[in-house]
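Colleague: Dropping a prediction and its sequence here:
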Amino acid sequence: MQIKNPKDFWAGLMFFVFGAAFVVIAVGTPDFINRIWGDKLIPGYQIGSAVRMGPAYFPVVLGGLLAVLGAIIFFRSFVSHIVGAAAAVKLPFNIIDLAIAAGVFVVTTFVAKALGISNDYAMLGSALILSVLSIVFRPETKALVLILASGLAFAYLLKPLGLVIASIAVVFISAYGGHEFKWKEVAILALVLVIFSVLVFVKGLTLPFPICPDFVESCPIR
Amino acid sequence: MEWFNDIYVFVAKVFQNLGVGFVEVFKLQSVTLWGYTLNNLPFNIIMCLIGVLLGTLIGVLPGIGPVATIAMLLPVTFTLSPVAALIMLAGIYYGAQYGGSTTAILVNLPGESSSVVTCLDGYQMARQGRAGPALAVAALGSFFAGCVSTLIVAMFAPPLAEVALKFGPAEYFSLMVLGLVSAVVLAHGSLIKAISMVILGLLLGLVGTDVNSGVLRFAFGVSELADGIGFVTVAMGMFGIAEIIGNLEQKEHREVFTSKVGSLWPSKEDWKRVWAPTLRGTALGSALGILPGGGALLASFGAYTLEKKISKYSHEFGKGAIEGVAAPESANNAGAQTSFIPLLTLGIPSNAVMALMIGAMMIQGIAPGPQVMTERPQLFWGMIASMWVGNLMLVVLNLPLIGMWIKLLTVPYRILYPSILVFMSVGVFSISNQPFDCFLMALFGLLGYVCVKLECEPAPLILGFILGPLMEENLRRAMLLSRGDPTVFVDPVAKPISFSFLLVSAILLVVIALPALRKTRDEAFAAEEQT
């Protein structure tokens, strides 16, 4: 069997996995797996009846439907009339890269747990590792990875290091993901955005964001 | 003469209601800002101006749309009064329809997705040195459409809300099915993929605590997911982040006709050619805007296709026909405004922007639905009246001040997108002050990016996401009331409204699946692919 339409192949697979996952989590793992595991692997929720629907009822119906549709799209990809460039997936990464990325998050989470430090560091570490991996091994994913990493950097830097540093990090990381990176221009942009964010978001709209890092005793801007 | 009396009462009521609205819009208030109290400030008008200014700004700038902007501003609206907040957010949406045409005409880039078809003829007009008339026709057509569609909202919202008050859970469920089916039918590309995206959206909407049993569903022990996934987070990820990544993968190329705008005023010949297309565009746009799943985008496509078919200048289309600017630009503004009808009367969003408006109402503690009109007439009519005022402001902003917006077009994207990212991150973080929301935003950004690459449109997913919990709730209630009898939804005698909603949904699905019609639908969307 030859995959004629890779777009349908991967879309179908994605929908099937999502649908099946929702069904399995809603109804729980079947008995024979629970017996092997020794305990309920996934406990599941109550189905209920058509009159009194339990928390699992609607998700199971929808998840089942999604899995079926996913399977149809999946099998359609082998007989599709849309072939060639129109059907080619133009993703800059493959499924293995995606698995590696997920693996990095899992590993750093475990490391953080073992070291007894906050999971926030695991997130920051993963973003850093993936950015470096992307720049070195997969330059075509640079835009994607660095934009996503800049969002993570903001999220996990804001509380410990404050709005100023978090905003600067977003600007520099995301700008590095673009076509051209000019130090001076990016620095000026960062400065303008920091002043704007502090004035508008913290002073004007009174969002409860720290401005300076934790360890700075007296922040010059209050 | 009874009918005359009926009409008289109807018209009088419309004006009476609009009067309530205008009083609210022009009301003088005392406002406290940064510790200073300002008295006698027409605050609602100021918020309307800020809204349309922002709307024009993001409309002009390609790469940022009203969805991301409104999502960013949602946390901000918490500090405003409900009327001021909704007036401002509405202004962003229809303001963006005005601004989008400027970029389409001068740069051949859609500043707004609903201006995609304006590029076809507007840019050609600009190349022929007729950018001025194109801009003027777009702005004046939008103004005309805005005025007419505001009147349509004022006329049709009250009777619809009255009907909606009689809706039970079965009717609501069927109506939402119709809305989702329309969203699927109007999505680009594969039908089955669009259905799958809707279902995925519905499922993602169910994450969090189940309201009936209190069970925490699909949360994987993450405490931040107890309240579910925030809609703003999903919208920013799927639309904001994914769009930035997509834009960065393409090389930037822009050719701006800044110096060649010339005289703005259209010639006598132009006037003769545009009045009919503007009328048709307004009518079609108003109708398509009301449809669930519709709105500005669909309206502009529909109007352009219609005009191309029936115009006697159809051979000029694509080569700078002024009708090709007038019709879609008036249609998208009309559609943007009439898409408020389902929101205001039924509490059901017809597109992603309306879903955000629901979010804004909920932040203010207002349950969207037909009761808003009777319980908060100032809010309801104030918002509608503000559309009129806002449209007037927009004509002034877009015609005499056009030079200001053209200057903005010279700002390169590499300056814009880091700024957008900072604002989005601040907006998402401030929802619950937790880093987890930003993480989710990045995750949905990845999902949105992959979906676009796999030709699965994100818009149906967003609509499903909003309607997921509502649908489950109404399904459960309807089934409980009918004692588990599923025929309650399709009983033509006991539930004629629910029955007809589902019937229309079924017909739509069958019709769109027919090969003959599929072809025309693909052709209509193919026009966009070429731009």
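Modeller: Yep, it's here.
Colleague: To what extent is the residue in the stretch 1-150 of chain B positioned nearest to chain A buried, counted in neighbours?
Modeller: Of all residues in the stretch 1-150 of chain B, residue B:76 sits closest to chain A, with a separation of 5.6 Å (Cβ to the nearest Cβ). (Glycine included, C-beta is placed from N, CA and C.) Each residue near residue B:76 was counted by other Cβ atoms under 10 Å in any protein chain shown, and the total is 19.
Colleague: Distance-wise, check the closest residue to it other than its chain neighbours relative to residue B:148.
Modeller: Spatially, and ignoring its direct neighbours in sequence, residue B:76 is nearest to residue A:205 (5.6 Å; Cβ to Cβ, 6 or more residues apart in numbering or on different chains). Distance from residue A:205 to residue B:148, counting by Cβ to Cβ, to the nearest Å: 36 Å.
Colleague: Please apply the same query to residue B:215.
Modeller: Note on residue B:215: its distance to residue B:148, by Cβ to Cβ, is 49 Å.
Colleague: Tell me which of the two has more neighbours.
Modeller: Between residue B:215 and residue B:148, counting by other Cβ under 10 Å, residue B:148 is the more crowded of the two (21 against 14).
Colleague: pretty sure the more buried one contacts residue B:286?
Modeller: Yes - when contacts are counted by Cβ atoms under 8 Å, residue B:148 is listed as touching residue B:286 (7.0 Å).
Colleague: overlap in contacts of those two?
Modeller: Shared contacts of residue B:148 and residue B:286 (Cβ atoms under 8 Å, 6 or more residues apart in numbering or on different chains): residue B:334.
Colleague: quick one: the residue of the stretch 1-150 of chain B closest to chain A is in a helix?
Modeller: Yes - under DSSP: H, G, I helix; E, B strand; the rest coil, residue B:76 sits within a helix.
Colleague: Was I right to think it contacts residue A:200?
Modeller: No - judged on Cβ under 8 Å, residue B:76 makes no contact with residue A:200 at a distance of 9.2 Å.
Colleague: And the residue of chain A closest to chain B?
Modeller: Among all residues of chain A, residue A:155 sits closest to chain B, at 3.2 Å; criterion: Cβ to the nearest Cβ.
Colleague: can you give me the mean pLDDT across the helix or strand that contains that residue?
Modeller: Residue A:155 is located in helix A:142-176, with elements delineated by DSSP states H and E. What helix A:142-176 shows for mean pLDDT is 91.
Colleague: Who are the packing partners of that helix?
Modeller: The elements that helix A:142-176 packs onto, with contact taken as 3 or more Cβ pairs under 8 Å, 6 or more residues apart in numbering or on different chains; DSSP states H and E, are helix A:119-137, helix A:183-197, helix B:242-249, helix B:413-432, helix B:435-453.
Colleague: The spatially most central residue of chain B: what secondary structure?
Modeller: Among the residues of chain B, residue B:353 comes closest to the average C-alpha position under Cα atoms, centre = their mean, at 4.5 Å. When the structure is reduced to helix, strand and coil (three-state DSSP), residue B:353 reads as helix.
Colleague: How many residues are close by residue 36?
Modeller: Assuming you mean chain A. 9.
Colleague: if you could check chain B rather than the one you did, that'd help
Modeller: 7.
Colleague: I'd like the distance between it and residue A:198.
Modeller: In this structure, residue B:36 and residue A:198 are 20 Å apart, going by Cβ to Cβ.
Colleague: now swap in residue A:152 and tell me
Modeller: For residue A:152, the distance to residue A:198 equals 22 Å [Cβ to Cβ].
Colleague: Tell me which of the two has more neighbours.
Modeller: Higher neighbour count among residue A:152 and residue A:198: residue A:152, with 27 against 18, using other Cβ under 10 Å.
Colleague: ok, the more buried one - contacts?
Modeller: For residue A:152, the residues meeting the contact criterion (Cβ under 8 Å, 6+ apart) are A:123-124, A:126-127, B:438-439, B:442.
Colleague: repeat that with 6 Å
Modeller: Applying Cβ atoms under 6 Å, 6 or more residues apart in numbering or on different chains, one finds that residue A:152 lies in contact with A:123, A:127, B:442.
Colleague: which non-adjacent residue is nearest the first one?
Modeller: When the adjacent residues along the chain are set aside, residue A:123 lies closest to residue A:156, with 5.0 Å between them (Cβ to Cβ, 6+ apart).
Colleague: Looks to me like residue B:110 is in a strand.
Modeller: No - assigned with three-state DSSP, residue B:110 falls outside any strand and is coil.
Colleague: gap between it and residue B:450?
Modeller: Using Cβ to Cβ, we find residue B:110 at a distance of 23 Å from residue B:450.
Colleague: Compare those two and say which is more crowded by neighbours.
Modeller: In terms of neighbours (other Cβ under 10 Å), residue B:110 is the more surrounded of residue B:110 and residue B:450; the figures are 22 against 19.
Colleague: Verify the stated contact: the more buried one with residue B:116.
Modeller: Yes - shown here, residue B:110 and residue B:116 form a contact pair, counting by Cβ atoms under 6 Å, at 4.4 Å.
Colleague: Please, which helix or strand holds residue A:74?
Modeller: With secondary structure defined by DSSP H and E, residue A:74 is part of helix A:57-76.
Colleague: I'd like the next helix or strand past that helix.
Modeller: helix A:95-115.
Colleague: the inter-axis angle of that next one versus helix A:119-137?
Modeller: 150 degrees (axes from the mean of the first three to the mean of the last three Cα atoms, to 10 degrees).
Colleague: Give me the buried positions along the strand or helix carrying residue B:154.
Modeller: Under DSSP H and E, the secondary-structure element containing residue B:154 is helix B:131-165. Residues of helix B:131-165 classed as buried under the neighbour-count rule (16 or more other Cβ atoms under 10 Å in any protein chain shown) are B:131-154, B:156-158, B:160-161, B:164.
Colleague: what distance separates that helix from the centre of its chain?
Modeller: Put simply, helix B:131-165 sits 13 Å off its chain's centre (Cα atoms, centre = their mean, to the nearest Å).
Colleague: Please name every helix or strand in contact with the helix or strand following that helix.
Modeller: With elements assigned by DSSP H and E, the helix or strand that comes after helix B:131-165 is helix B:169-186. Here helix B:169-186 is seen to pack against helix B:191-205, helix B:458-481, helix B:496-513 when contacts are counted using 3 or more Cβ pairs under 6 Å, 6 or more residues apart in numbering or on different chains; DSSP states H and E.
Colleague: can you tell me the average pLDDT over helix B:169-186?
Modeller: The predicted model gives helix B:169-186 an average pLDDT of 83.
Colleague: Can I get that helix as CSV, trimmed to CA atoms?
Modeller: The C-alpha atoms that make up helix B:169-186 are tabulated as CSV, following Å, rounded to 0.1, in the frame of the first residue of the first chain:
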residue,chain,number,x,y,z
PRO,B,169,-32.9,23.0,25.8
ALA,B,170,-33.9,20.9,22.7
GLU,B,171,-34.2,24.0,20.6
TYR,B,172,-30.9,25.4,21.8
PHE,B,173,-29.1,22.1,21.1
SER,B,174,-30.5,21.9,17.6
LEU,B,175,-29.6,25.5,16.9
MET,B,176,-26.1,24.9,18.0
VAL,B,177,-26.0,21.9,15.7
LEU,B,178,-27.1,24.1,12.9
GLY,B,179,-24.4,26.7,13.8
LEU,B,180,-21.7,24.0,13.7
VAL,B,181,-22.9,22.6,10.5
SER,B,182,-22.9,26.0,8.9
ALA,B,183,-19.4,26.5,10.1
VAL,B,184,-18.4,23.2,8.5
VAL,B,185,-20.1,24.0,5.2
LEU,B,186,-18.4,27.4,5.1
